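K.L.:
Next comes the sequence, and after it the predicted model I'd like to discuss.
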Amino acid sequence: KMPHSLNIFLQQIELKLWDGCTIPINSDHKLFANSRNKLEDFQDAMLTSVTFRERSDYPSEAYSIGFHEMNGLPEIYINTKIYQNAQGDNKYHS
C-alpha cells in the first residue's frame, strides 16, 4: 500500500508539475522546491496539497522528501543530511 503523500508526489512528477520550479536553499539541512510560478498548473491538476498529513516512521535521512505547505503554495523539501528534530529523533511529518 502506497502512502498518500508519495502517491500525490508521484502524480505531480508524472504531470511534470515540478519542472521549471525554483529550488532555493533556505536552511542548513533542506532544499525547498517552490511552485509559485506554476501554481495554476497544480490547481488545474487538483494536486496542490495532500488531503491529510501522514506521520512517517521513516527517518529523516539525506535526500528524503516531504511536503511543506505555506501560503497556499505546494512546496516540497529535500533533506540534504540526517535531521533531528527538537525531540531528538529524526522522524518527520510528510
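P.N.:
Done, it's in.

K.L.:
Pull the residues that contact stretch 38-54.
P.N.:
3-5, 8, 11-12, 15, 17-18, 20-21, 35, 67, 69, 72-74, 93-94 (CB atoms under 8 Å, 6 or more residues apart in numbering). All C-beta spots, glycine's among them, are computed from the backbone N, C-alpha and C.

K.L.:
Now with 10 Å, please.
P.N.:
3-9, 11-12, 14-21, 35, 66-67, 69, 72-75, 93-94 (CB atoms under 10 Å, 6 or more residues apart in numbering).

K.L.:
Buried ones only from those, please, as a PyMOL command.
P.N.:
Restricted to buried positions by 16 or more other CB atoms under 10 Å, the PyMOL selection for the contacts of stretch 38-54 reads:
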select buried, resi 5+8+9+12+17+18+21+35+66+67+74+75+94
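
K.L.:
Helices - which of the contacts of stretch 38-54 land there?
P.N.:
The helices, defined by DSSP state H, take in H4, S5, L6, N7, I8, F9, Q11, Q12, E14 from those.

K.L.:
how about these in a markdown table, adding distance to T51 and pLDDT?
P.N.:
What follows is the ones in helices among the contacts of stretch 38-54, written out as a markdown table (distance: CB to CB, whole Å; pLDDT from 0 to 100):
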| residue | distance to T51 | pLDDT |
| --- | --- | --- |
| H4 | 6 | 82 |
| S5 | 9 | 81 |
| L6 | 13 | 83 |
| N7 | 10 | 88 |
| I8 | 8 | 88 |
| F9 | 13 | 87 |
| Q11 | 12 | 94 |
| Q12 | 14 | 91 |
| E14 | 18 | 96 |
